[in-house]
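Sequence first, predicted coordinates after that:
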Amino acid sequence: MLPHVPRAIVALTRDADEHGEVWIAALDCGHRRHVRHRPPQSSYPWLTTEAARAAKIGAPLECTRCAASELPDGASVYKTTAEFDEHTLPAGLRREHTTRGGVWGRAEVLAGTMRFVMPALGIDRELTAGEHAIIPPELEHHVEARPGLRMRVAFLRVAPD
């Protein structure tokens, strides 16, 4: 079972390709999620009226794609750090930290090995050259350098609609 990763609803639009009360929730992480009120399978009674839907803007909704560390569609790199090794890896990356809201990270191992830890998602693994870790917005994580490490971080975001 995936961990819970609540994200704020920023917009709700009706899904034109579906029949019935199917809505797409745009979330502040950049993902989109289908929601429907079809008890007992799914219960979202607030979808049934315009006023109730409007009141849900800003409210949390679970994002299973963040929980799976999946980049949102359309995410693109807007900034990349310099390369770091085991000696130059900044203290800020070695301790628990987060990215800002709406900002995704991709920790890329260019050579050697590093440990990547993200407790909220139960991730604790060694990454080797050619591997990377996807970092959802606002989730605490840290890295531990191993001898011979060369790595960098790419920052990504989704362009607003």
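Sure, I can see it.

Which residues are in contact with the most centrally placed residue in the chain?
Centrality entry for the chain: nearest residue to the mean C-alpha point is Pro136, 2.7 Å, by Cα atoms, centre = their mean. By Cβ atoms under 8 Å, 6 or more residues apart in numbering, Pro136 lies in contact with 5, 29, 66, 69, 104, 121. From N, CA and C alone the C-beta is placed, and that goes for glycine too.

Which of those fall in helices?
Cys66 (DSSP state H).

for this protein, what's the longest helix?
Longest helix in the chain, counting residues (DSSP H): helix 50-55.

Determine the next helix or strand in the C-terminal direction from that helix.
Where DSSP states H and E defines the elements, the next helix or strand beyond helix 50-55 is strand 60-62.

mind checking how far Leu61 is from Ser76?
Separation of Leu61 from Ser76 (Cβ to Cβ, to the nearest Å): 24 Å.

More neighbours: these two, which one.
Neighbours per residue (other Cβ atoms under 10 Å) separate Leu61 from Ser76, with Leu61 holding more: 18 against 11.

Mind listing residues that contact the one helix or strand Thr13 maps to?
Taking DSSP H and E as the criterion, the element that holds Thr13 is strand 6-14. Residues from elsewhere that reach strand 6-14, judged by Cβ under 8 Å, 6+ apart: 22-29, 31, 35, 47, 53, 56-63, 66.

which of the residues you listed count as buried?
Among these, those classed as buried by 16 or more other Cβ atoms under 10 Å are 22-29, 31, 35, 47, 53, 56, 61, 63, 66.

residue ranges of the strands in the chain, please?
With strands called from DSSP state E, the chain shows them at 6-14, 22-27, 32-36, 60-62, 75-80, 84-85, 104-111, 113-118, 123-128, 132-135, 142-145, 150-158.

Mind listing residues that contact the shortest one?
What that stands for is strand 84-85. 90, 93, 112, 145, 148-152.

Among the residues you listed, which pair sits farthest apart?
Largest separation among those by Cβ to Cβ: Pro90 and Gly148, giving 18.0 Å.

quick one, domains of the protein?
Using automatic domain parsing, the domain ranges for the chain come out as 6-66, 75-158.
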